[in-house]
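Peer 1: Sequence below, structure please.
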Amino acid sequence: MNTQRDSLPESTSVVVVGAGPAGLAAAITLADAGVDFVLLDRQAEGANTSRACVVHARTLEVLDELGLAGELHEKGVVVPVFTVRDGASAAGPLATVRFDGLPTAYPHTLMVPQDVTEAVLLARLRSAGGDVTRPWQVTGISNDTDDTDGTGGVTVTVTGADESAHTLRARYVIGADGMHSLVREQAGIGFTGDTYASSFVLADVRMDWPLAREEVSLNLSPEGVTVVAPLPCETGDRYRMVATVAEAPQSPSLADVQALLDARGPRQGKVLVHEVLWSSRFRVHHRVADHYRAGRVFLVGDAAHVHSPAGGQGMNTGIQDAVALGRLLARVLDGAPESLLDTYESTRRPVALGVVAFTDRMTRMASLRTRPARLLRNTAMRVLSRI
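Peer 2: Numbers count the residues shown, from 1 in each chain. Take a look at the predicted model:
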């Protein structure tokens, strides 16, 4: 762990701010291309909670290009089926979505906790000769506006754990510092969107669950939406639960989780929660950065887009952002035209807009409360799932 002023260089080609999955993926891509960079994170060590735990087929394809898909598969649970159920009904699923027909080498969803994904990414980064420099808090970004001679750049001001200050000069900066991104704020980029009224309960539990571990289950009810997905474990009883509630407790207890699943879970069998391994509450925003680039500053991951957890797209979109941007920067630093970097926003921002719109529709559809609206929704889902 680096904390001293002399642990940072005076200059580098790229500064990556934030060592979550997106920041690590960007750094790996740069390291593989031989680009010098500094990856900064304000935490003294990486997070050790599961948080995002869904890795989709396209992301697995991207991670395969980095040589990581096989290792993640060894640590995760392959889930080829997604079902939607009406928690108030004992009937079968309203819709069953199978991934095994996708034209990919990875026709499934992979369930693997985020701390495991980050550990795999970090090991890969270190094998490529890179690492995370911790704990440094970025306090300022000064983005040059006069770049007519091609020597412009960005001055990054940071503070260490011992409150020592340092500045370093970079050709480019990647903001991978999350929803409350200081990089985005300092670059003057707006973050347009809104916040859902409901709060969310997030819990990793050990429980008896009546449905197959080969499926992710989305359970609808007038009280809110509940998602349950299997997580890897030797005993086969570890699951992730996400549920919307009007006002979630700060640290949901076993009794809270059991009550939610009793009220909203499937009627095909008994649900019994044995242990809460980790729990949290959060509020969900649906926002997209007005731009992904301001001069020599770029945004990836949650710094660029946040949305409902419906569909588990957040981390996936961020990793794909990061690898795409890292490759573009490597090409430009190797002599390609600077204008190539404009394609980052033009290709990746529409993806985020589509994800935000899709997850917003899913969230609102799942939260319908009146009986006529729910009956119409259920009928439409049954029909569409057969087409």
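
Peer 1: Pick out the residue closest to the middle of the chain.
Peer 2: Met315 (1.9 Å; Cα atoms, centre = their mean).

Peer 1: Which element, helix or strand, includes that one?
Peer 2: Assessed by DSSP states H and E, Met315 sits inside helix 314-333.

Peer 1: just to revisit the earlier point, how about the contacts made by the residue nearest to the centre of the chain?
Peer 2: Pro21, Ala22, Ala52, Val54, Val55, Thr59, Gln114, Thr117, Gly301 (Cβ atoms under 8 Å, 6 or more residues apart in numbering). C-beta coordinates here come from the backbone N, C-alpha and C atoms, glycine included.

Peer 1: Looking at these, which are in strands?
Peer 2: Taking DSSP state E as the definition of strands, the contacts of Met315 contribute Val54, Val55.

Peer 1: Summarise which helices and strands the helix or strand following the helix holding Met315 is packed against.
Peer 2: On the C-terminal side of helix 314-333, the closest following helix or strand by DSSP H and E is helix 342-366. Helix 342-366 sits against strand 272-289, strand 293-294, strand 305-306, helix 314-333, with contacts defined as 3 or more Cβ pairs under 8 Å, 6 or more residues apart in numbering; DSSP states H and E.

Peer 1: And the strands in the stretch 151-300 of the chain, which stretches?
Peer 2: 154-160, 165-175, 191-208, 215-220, 226-230, 238-245, 272-289, 293-294, 297-299 (DSSP state E, counting those that start in this stretch).

Peer 1: nearest to Pro93, of those strands?
Peer 2: strand 215-220 (8.3 Å; Cβ to Cβ).

Peer 1: what about the closest one, distance to the chain center?
Peer 2: 20 Å (Cα atoms, centre = their mean, to the nearest Å).

Peer 1: and if you look at stretch 154-170?
Peer 2: Distance, centroid of stretch 154-170 to centroid of chain: 27 Å (Cα atoms, centre = their mean).

Peer 1: and if you look at stretch 21-39?
Peer 2: Its chain's C-alpha centre and that of stretch 21-39 lie 18 Å apart, by Cα atoms, centre = their mean.

Peer 1: CA atoms of it as CSV?
Peer 2: This file holds the C-alpha atoms of stretch 21-39, laid out as CSV (Å, rounded to 0.1, in the frame of the first residue of the first chain):
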residue,chain,number,x,y,z
PRO,A,21,-14.3,-3.2,-11.8
ALA,A,22,-14.3,-0.4,-14.5
GLY,A,23,-11.1,1.2,-13.3
LEU,A,24,-9.3,-2.1,-13.1
ALA,A,25,-10.5,-3.2,-16.6
ALA,A,26,-9.3,0.1,-18.0
ALA,A,27,-5.9,-0.3,-16.3
ILE,A,28,-5.5,-3.8,-17.6
THR,A,29,-6.2,-2.7,-21.1
LEU,A,30,-3.7,0.1,-20.9
ALA,A,31,-1.1,-2.2,-19.3
ASP,A,32,-1.5,-4.8,-22.0
ALA,A,33,-0.9,-2.1,-24.6
GLY,A,34,2.3,-0.9,-22.9
VAL,A,35,0.8,2.5,-21.9
ASP,A,36,2.2,3.9,-18.6
PHE,A,37,-0.6,4.9,-16.2
VAL,A,38,-1.4,5.5,-12.5
LEU,A,39,-4.5,3.8,-11.0
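
Peer 1: mean confidence score for it?
Peer 2: Across stretch 21-39, pLDDT averages out at 97.

Peer 1: And for stretch 274-284?
Peer 2: 90.

Peer 1: circling back: how about a markdown table for the helices and strands packed on helix 342-366, with distance to Leu66 added?
Peer 2: Listed next are the helices and strands packed on helix 342-366 as a markdown table, based on distance: least, Cβ to Cβ, whole Å:
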| stretch | distance to Leu66 |
| --- | --- |
| strand 272-289 | 25 |
| strand 293-294 | 24 |
| strand 305-306 | 22 |
| helix 314-333 | 7 |
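
Peer 1: closest to Arg349 out of the ones you listed?
Peer 2: Nearest of the helices and strands packed on helix 342-366 (Cβ to Cβ): strand 272-289, 7.0 Å.

Peer 1: Show me what counts as buried in the closest one.
Peer 2: For strand 272-289, the neighbour count (16 or more other Cβ atoms under 10 Å) marks Val273, Val276, Trp278, Ser279, Ser280, Arg281, Val284, His285, His286, Arg287, Val288, Ala289 as buried.

Peer 1: Looking at those residues, which is nearest Glu185?
Peer 2: Ala289 (10.8 Å).

Peer 1: That closest one and Phe191 touch, don't they?
Peer 2: Yes - Ala289 lies in contact with Phe191 (Cβ atoms under 8 Å); the separation is 5.6 Å.

Peer 1: okay, and the common contacts of those two?
Peer 2: Joint contacts of Ala289 and Phe191 (Cβ under 8 Å, 6+ apart) are Arg184.

Peer 1: in the stretch 1-150 of the chain, which spans are helices?
Peer 2: Assigned by DSSP state H, counting those that start in this stretch, the stretch 1-150 of the chain shows helices spanning 21-32, 57-65, 69-75, 114-127.

Peer 1: returning to that earlier point: compare the helices and strands packed on helix 342-366 and report which one is nearest to His108.
Peer 2: helix 314-333 (13.5 Å).

Peer 1: Could you list the low-pLDDT ranges of the stretch 151-300 of the chain?
Peer 2: Within the stretch 151-300 of the chain, the stretches with pLDDT under 70 are 151.

Peer 1: hmm, back to that, dump the strands of the stretch 151-300 of the chain to JSON lines, plus distance to Ala255.
Peer 2: Shown next, in JSON lines, are the strands of the stretch 151-300 of the chain (distance: least, Cβ to Cβ, whole Å):
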{"stretch": "strand 154-160", "distance to Ala255": "42"}
{"stretch": "strand 165-175", "distance to Ala255": "40"}
{"stretch": "strand 191-208", "distance to Ala255": "12"}
{"stretch": "strand 215-220", "distance to Ala255": "19"}
{"stretch": "strand 226-230", "distance to Ala255": "16"}
{"stretch": "strand 238-245", "distance to Ala255": "14"}
{"stretch": "strand 272-289", "distance to Ala255": "9"}
{"stretch": "strand 293-294", "distance to Ala255": "48"}
{"stretch": "strand 297-299", "distance to Ala255": "40"}
